[in-house]
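K.L.:
Would you be able to build a 3D model of this:
(5 chains, ligands or ions: 4)
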Amino acid sequence: MTETQTATRPVVELRGVTKRYAGVTAVSDLSLRLMPGEVFCLLGENGAGKSTVIKLLTGVERPTSGSVVVDGEEVSFSSPRAARDVGIATVYQEVATLPLMSVARNFVLGAEPTVGWGPFKRIDMATASRTALAELKNLGIRRVDDGRQLVGTMSGGERQALAIARAVHFGARVLVLDEPTAALGVRESATVLRLVSRVRERGVAVLFITHNAYHAHAAGDRFMVLRRGEPSAEFARGERSIGEVIELMAGGAELQSLLTGVERGQVGVGDDSSAV
Amino acid sequence: MTETQTATRPVVELRGVTKRYAGVTAVSDLSLRLMPGEVFCLLGENGAGKSTVIKLLTGVERPTSGSVVVDGEEVSFSSPRAARDVGIATVYQEVATLPLMSVARNFVLGAEPTVGWGPFKRIDMATASRTALAELKNLGIRRVDDGRQLVGTMSGGERQALAIARAVHFGARVLVLDEPTAALGVRESATVLRLVSRVRERGVAVLFITHNAYHAHAAGDRFMVLRRGEPSAEFARGERSIGEVIELMAGGAELQSLLTGVERGQVGVGDDSSAV
Amino acid sequence: AKDAAATGQPVAASSGEQIKIAFVSGPLNDPFFPPLYQGAQDAAKQLPIKLNYIPIDEADIQASSARTMEAAIASKPDAIVVGDFITNVVDPLIKKAVAAGIPVFVNQSGQDSWEKDGALGFIGQFGPDVGAQSAKRFLDAGKKNITCVVNVAGNPYLDAICKGLGDGLRAAGGSSDVFTLPSGDGTDQSKTTKDLSGFLATHKDVEGVMTLNNLTGYAAIDALNQAGRKGAPVGSLGVGKSAIDKVNNGSMLFLVNEQPYLDGYLGTITAYTYAKFGLAPVGVIKTGPQFVDKSNVEKISAVFDKYPNVIGPK
Amino acid sequence: MDLPTATGPGTATAAPALPPVADPAGPAQTSGRSTVRRLLTRPEIGGAVSALALFVFFSIFAGDNGFLTQGGTANWVNAAAELGIVAVPIGLLMIAGEFDLSVGAMVGVGSMSVGITTGGYGEPAWLGVIVGFAIAVAVGVANGFMVVRTGLPSFIVTLATMMMLLGGALAVSIWATGSSNVSASSSGLTHALFASKWMNDQLGVALVWWVLLLVVSAWMMSRTRFGNWTYATGGNVVAARLVGVPTDRVKISLFVATSVCAVLTGTVQTLTLGNGNVTLGSAFIFQAVAAAVIGGVLLTGGYGSPMGTACGAATYGIISTGVLLLGWNADLTQLFIGALLLVAVLANHRLRALALSGS
Amino acid sequence: MDLPTATGPGTATAAPALPPVADPAGPAQTSGRSTVRRLLTRPEIGGAVSALALFVFFSIFAGDNGFLTQGGTANWVNAAAELGIVAVPIGLLMIAGEFDLSVGAMVGVGSMSVGITTGGYGEPAWLGVIVGFAIAVAVGVANGFMVVRTGLPSFIVTLATMMMLLGGALAVSIWATGSSNVSASSSGLTHALFASKWMNDQLGVALVWWVLLLVVSAWMMSRTRFGNWTYATGGNVVAARLVGVPTDRVKISLFVATSVCAVLTGTVQTLTLGNGNVTLGSAFIFQAVAAAVIGGVLLTGGYGSPMGTACGAATYGIISTGVLLLGWNADLTQLFIGALLLVAVLANHRLRALALSGS
Ligand SMILES: Nc1ncnc2c1ncn2[C@@H]1O[C@H](COP(=O)(O)OP(=O)(O)OP(=O)(O)O)[C@@H](O)[C@H]1O
Ligand SMILES: Nc1ncnc2c1ncn2[C@@H]1O[C@H](COP(=O)(O)OP(=O)(O)OP(=O)(O)O)[C@@H](O)[C@H]1O
Ligand SMILES: [Mg+2]
Ligand SMILES: [Mg+2]
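P.N.:
Ligands and ions are numbered 1, 2, ... in the order given. Just a heads-up that it's a prediction; the model follows:
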């Protein structure tokens, strides 16, 4: 599974893309390149334009100007399905899985393996179940051992894992993760971050969107900070400290002002406090 | 508004409380004291029992053993309303506000100021609107300037602020916040954390529940870490570093294993990385 | 009615064995049927009869006609009395009951087909007759263009009456429209009034209205008033207290009394005597139409005040 | 059950489409241009425009057949009023997130209550009216209680109640009077209250009740605590309960309101016409929902207004009267009503979307 | 519109109550004790128990009136089958989160289509059958398309369609035959397909169609991609669309299925009884929803099974025949059906809660 990271051509690129809504410029003149086997972190506070970038990449919206390039060729997606067909899969924060359906059914939804032909074509439930459990295990989720278990009984992290496993299994070459850790606890977030690493090792290009600088730092190879639709910084792993990243995301200054204790007096957390 | 923090008697106390559900002991032998003008942080990963503590304090559930003490007297709440009546207000993560209703209406919901009498008793909309906007302004939310604006048009942080402002305005002596920052971006989280400080300054006892150690550190006076329903540590502001707190919350170890780079090689974030 | 009980049936009274009769007819929420039900019940009380009155659901008249008749057969009664409203559906089931050895008497509607179905008798009236005789009364009053209002779409018995009316009028050089109320409105007198005034406003040559139950009749009077045709004749099926008053005060030309009480009473008695003794009247017992107009309204009113359930609603 | 589509075809991360700036129940204040916009985003705008457009349509095409005469006007106004008395509380209940199928049957219950008392036993009408309202309160409480306690969908609970009421009313009236239809009469105050007529006896008292109900409920929804609670209950029952809104009481009260208003319509119709009937009002069930939805009430709760529902009822009244006055084939009446209803709903939907996006 | 309560009285932070371990559509596998539990948590368990309990009830109380005879059995089986043919696809549509009020009217359309062709013009029945099914497909596509495109609640769209169909069918049949009721006949293959009878002509062909439909749809829902898509569409339409489920196509297909099955019932009833009637089937609207809900279909979509709906239809069939055979007072029939429905729904709800909590 583990591919070497020698590919040099980006799988997907945005070139000078601008997206305007009535009155609002959500994204302006943005270029980014997603390379196979690399986790690209898009950071930004609320309203920075992160979701708009996703929409442009996944065919939900088309750019006002600029172009989307897949494997070196300019494309214009007519629908989310068209983006999926070239291997761009998206995992959304909330709506990724269906609680009242089983793990196996959720896993294969929209790309069900079938056996038989004509009117007797049916979902290969055994395969679906086996694949789902195997992929979950691959990604480190071991608690789920019955494909018929309802997804509603799984934890948030497990559900997120299911959605990621599904996307990867069905041939995603680009995996877009929209704030996958926003609703999760520490341990669950860790699970997801570990998943991201595993997915990356398989040679998938990952676009990781978050407003949690720590999570980004844990998983990312390259980083871009958006502020009001414009890239305000771009850097590679190791080039910036977490503190600097938080600074870059406008909110950081405010959080720091709270932490450094202007209003509250010194918080005795030693060196750490200055970093946060 | 700002009261001095001289009160020494806890507003609410849990004494040796245990809560068992069929098979599961959600909380066992827990004691905690909420003091006026103090922010008490309850930390813990998913399933640690944080929400159960809230339920016990707010009358949603009753303890299997142990007692809830308000102003030195043991009480047994028959409903959430009974808890509200002694001044215990709760702000939940998701369900706090109604998007299709206006700011003013949301603010006064359940405790509407009225004018007139008998069948002509009506909501004093002018007062409601004025109060709502004033309280929001007090807490630092300035963008909202029309009480008739629908809450659905506000940002997540603003909505959370509205819920907190409401609780405080209507005489909460104890404010219970269940993961108020979980769904928010950095700047919005900062807004909420600042709100918590302001509320505290008014002499309200705050119970702040979170799984984000940084947010806890930014706002808390006293801390308790829950692990599997039991208090695994209790300390005051300044006694522990963020790193130690994360250690205490079981998930920290795993997140660290990711961050310290066992799988990924060194992440060049200097001193900070060891702290996180 | 008490007299009948006094003279009684000595055989039945002494033997004490009950005759089981299944009576399939219309639902009681249609004001026509309560007197019929009353008649059947009165008979059942007077004699050792175990009566199962099985109501057809008018809202689902066709499927229900079949299902109720099938249920009647399944309950293995000593005799069945059935209202044959949808002959296409009920006739085969009558044959089936007869084939299963159950004596059947056709009630109220079905004069055309009862004999060939193998039923043993008919107690009721003939739909087209009602229409034809009503036509005659309108013509006598000098009115030739009469609208017939169908209050339940899909009920062929009502269609047949309107057809009889139209045929009668046309034979005398008159004309007739059929106005079917929008579904749901038939049970709402107030809405029916509005529907009818709308209809009358666009059919200015209508000289009178024939309705097939009292509610629609009252609505027609109001609608004609609103349309500025006060005094235009209205004829209606059914006899009720208000309807009698309206005949009295001249706002209604006539009422068709189908004598549903007799349908129920005689139907049950006939089934009983046949099942018990093998005795039954031969051929048709005609229970209608009887006409109530100014000439006989006093007499009817007197009986009505004394025995309201027997003639129609109070 | 239409929840997934109720918010419209959403995109990936779309939240439910929100009217950007408008308190559905807020008091109107003037501030120049924004007043127009505020007006356009009110929930009742679609219903009002529907009613107006259809009125114009029929004035043109059915004007010569008397649509604009006193009689024609009285005709649709009465129809709208009688439906409106039932539809307005149904609209409120829908705003609170519940539904009541049993109203159709309650109209019949109210009708028979008066009928049996006056026509059946010759007692004064007020007695029947009181009995009718008492039954309404009991049924409303029962409906509300069952829905609130069991958490079962109100659609199915009130379907069962509806059948029981239909059966019960029938059984009682047969037992009491031998018939399912009985004359009714009233005098004095009762007559004045429930059977008055004006304008050559063409305009019924229903209009007065409707307007009264409308004023009271519009005031209630926009100004009182109960109105606030109703919006909150339908918007998010858990959130409302947590801030101390007595959501169960709100729901039960509104179930009582729908039943009581159904009996009111039944009483008015019965005493105006002088005749009581078990099956009276059964057509109101669907018509009332249609009126509420045309009037901008969200089928999933939390949004709408009494004024909107009233506009919906007016739309329905205008359509059902107007179509007959077109003078086309009478057999096609219902086809037209259906088609116009569809057009009204669609146009209304477009209009609202337009008003909201244009801001 | 029952969403807020559909998940039951929730507490503060409660998520919707979930059946802990059971794939509503998963193939059954045996593994000792957990098989029992898996059975108890299936959606159709409530409907099955209801049907059984009522069967026992009527066997005791209506047994001597022939409830258990061949005739009595055929009677309720026919009723269940005719309703079931309509209810099963309605249940599927409800699982997909939509609703179709127009089915009742479609039954009448199917009936008149065959009636006018054979009884009215003396043409062969297959022609009428083909016309009926063609109309059904057109109406289904129209319904589905309107719902999917506009995002309007299907309740209101299909209410309009229902009225148009009722009016249209009436107008066409009066225009074509002068009546709203006309004889119908069939021969050869058409007769065999739609009018066969067995067991002394007591058991109709509806049963065969019902079983066929049930087998196909149970298989479809549990085994095919389309079934998976249907659950997903009703569970969360946005999520389903995002993973590539053609949710619009799913909904439109199911609207077509409900219409087609309604015409199928109409055709079978018409050719079996030899008579076509405009109003045929209008009682199915509520009965079909009741059957689906009794059978465990979630009114908010995403959960349920064809087998469950079938059990609901059987419950209804047993009640409606059983009540006729009780020989009790005729005016109490409807009261009794209503009460039994309420009991069935409540018991069913309890039972499911019990089965789920006991795990
Ligand atoms: N469909 C739309 N119509 C109009 N404006 C839009 C639309 N979608 C997004 N915007 C605007 O574009 C800007 C960027 O929005 P976007 O959702 O991309 O931000 P984000 O970074 O994803 O924020 P969050 O962290 O809250 O998800 C915002 O100002 C937003 O209001
Ligand atoms: N009503 C209940 N019935 C049975 N078990 C319960 C119930 N509520 C909570 N539990 C169990 O009690 C334990 C503590 O749950 P609780 O919700 O208090 O955790 P938490 O710290 O709030 O977690 P999270 O961060 O996910 O909100 C968990 O194991 C949970 O499954
Ligand atoms: Mg976003
Ligand atoms: Mg919790």
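
K.L.:
Chain D versus A:E73, what's the distance?
P.N.:
Separation of A:E73 from chain D (C-beta to the nearest C-beta, to the nearest Å) stands at 24 Å. In this view, the C-beta of every residue, glycine as well, is placed from N, C-alpha and C.

K.L.:
wait, I meant A:Y21
P.N.:
A:Y21 is 11 Å from chain D, by C-beta to the nearest C-beta.

K.L.:
tell me the pLDDT at that residue?
P.N.:
pLDDT recorded at A:Y21 is 80.

K.L.:
how deep is it tucked in, by neighbour count?
P.N.:
A:Y21: 11 surrounding residues under other C-beta atoms under 10 Å in any protein chain shown.

K.L.:
Repeat that for the one 4 residues further on.
P.N.:
Look at A:T25: counted by other C-beta under 10 Å, it has 16 neighbours.

K.L.:
Over to A:S155?
P.N.:
A:S155 has 18 nearby residues by other C-beta under 10 Å.

K.L.:
My read is that it contacts A:E188, right?
P.N.:
Yes: A:S155 is within contact range of A:E188, at 6.3 Å (criterion: C-beta atoms under 8 Å).

K.L.:
tell me the secondary structure for the most centrally placed residue in chain A?
P.N.:
By C-alpha atoms, centre = their mean, chain A has its centre lying nearest to A:L177, at 1.3 Å. Classification of A:L177 by DSSP: H, G, I helix; E, B strand; the rest coil places it in strand.

K.L.:
how much space is there between it and D:A292?
P.N.:
Counting by C-beta to C-beta, to the nearest Å, the gap from A:L177 to D:A292 is 42 Å.

K.L.:
near chain E, which residues of the stretch 51-200 of chain A show up?
P.N.:
With C-beta under 8 Å from any C-beta of the partner chain as the criterion, the stretch 51-200 of chain A comes near chain E at residues A:80-81, A:84, A:90, A:92, A:95-102, A:104-105, A:108-112, A:114, A:121-123, A:125, A:146, A:148-150, A:152-153, A:166.

K.L.:
which residues sit against stretch D:186-200?
P.N.:
D:70, D:74, D:114, D:118, D:124-126, D:129, D:203-205, D:208, D:267-268, D:271-272 (C-beta atoms under 8 Å, 6 or more residues apart in numbering or on different chains).

K.L.:
Buried among the residues you listed? Need that as a selection in ChimeraX.
P.N.:
Entered in ChimeraX, the line below selects the buried ones among the contacts of stretch D:186-200, by 16 or more other C-beta atoms under 10 Å in any protein chain shown:
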select /D:74,114,118,125,126,129,203,204,205,267,268,271,272
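
K.L.:
low-scoring pLDDT stretches of the chain, where are they?
P.N.:
Using chain A here. Within chain A, the segments meeting pLDDT under 70 span A:1-7, A:22-23, A:45-46, A:93-96, A:182-187, A:242-243, A:246-276.

K.L.:
not what I meant, chain D
P.N.:
D:1-41, D:330, D:352-359.

K.L.:
Try it again at 50.
P.N.:
Low-confidence segments of chain D (pLDDT under 50): D:1-31, D:358-359.

K.L.:
mind listing what the spatially most central residue of it touches?
P.N.:
The centre of chain D sits closest to D:A87, judged by C-alpha atoms, centre = their mean, with a distance of 0.2 Å. The contact partners of D:A87, by C-beta under 8 Å, 6+ apart, come to D:284, D:287-288, D:291-292, D:309-310, D:312-313.

K.L.:
Equivalent analysis for D:A62, please.
P.N.:
Here D:A62 is in contact with D:72, D:322, D:325-327 (criterion: C-beta under 8 Å, 6+ apart).

K.L.:
do you know how far it is from ligand 2?
P.N.:
In this view, D:A62 and ligand 2 are 62 Å apart by C-beta to the nearest ligand atom, to the nearest Å.

K.L.:
What of C:E58?
P.N.:
Counting by C-beta to the nearest ligand atom, the gap from C:E58 to ligand 2 is 51 Å.

K.L.:
Can you report phi and psi for that residue?
P.N.:
Main-chain dihedrals, C:E58, degrees, to the nearest 10: phi -70, psi -30.

K.L.:
My guess is it contacts C:V152. True?
P.N.:
Yes: in this structure C:E58 lies within contact range of C:V152 using C-beta under 8 Å: 6.2 Å.

K.L.:
which residues are common contacts for those two?
P.N.:
Joint contacts of C:E58 and C:V152 (C-beta under 8 Å, 6+ apart) do not exist.

K.L.:
Which of the three states applies to A:L226?
P.N.:
Once three-state DSSP is applied, A:L226 turns out strand.

K.L.:
Report how many residues lie close to it.
P.N.:
Neighbours of A:L226 using other C-beta under 10 Å come to 24.

K.L.:
Any idea what it is bridged to?
P.N.:
Beta bridges link A:L226 to A:P231 when assigned by DSSP bridges.

K.L.:
show me the contacts for it.
P.N.:
Taking C-beta under 8 Å, 6+ apart, one finds A:27, A:30, A:42-44, A:48-50, A:53, A:232 in contact with A:L226.

K.L.:
which residues of chain C score low on pLDDT?
P.N.:
Ranges of chain C meeting pLDDT under 50: C:1-15.

K.L.:
got the residue ranges for the helices in it?
P.N.:
C:2-7, C:10-15, C:33-46, C:61-74, C:87-99, C:127-140, C:156-171, C:189-202, C:214-226, C:241-248, C:260-277, C:297-306, C:308-311 (DSSP state H).

K.L.:
Now those in JSON lines, please, with extra columns for distance to B:K19.
P.N.:
Shown next, in JSON lines, are the helices of chain C (distance: least, C-beta to C-beta, whole Å):
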{"stretch": "helix C:2-7", "distance to B:K19": "73"}
{"stretch": "helix C:10-15", "distance to B:K19": "74"}
{"stretch": "helix C:33-46", "distance to B:K19": "63"}
{"stretch": "helix C:61-74", "distance to B:K19": "57"}
{"stretch": "helix C:87-99", "distance to B:K19": "66"}
{"stretch": "helix C:127-140", "distance to B:K19": "75"}
{"stretch": "helix C:156-171", "distance to B:K19": "69"}
{"stretch": "helix C:189-202", "distance to B:K19": "60"}
{"stretch": "helix C:214-226", "distance to B:K19": "64"}
{"stretch": "helix C:241-248", "distance to B:K19": "69"}
{"stretch": "helix C:260-277", "distance to B:K19": "68"}
{"stretch": "helix C:297-306", "distance to B:K19": "74"}
{"stretch": "helix C:308-311", "distance to B:K19": "66"}
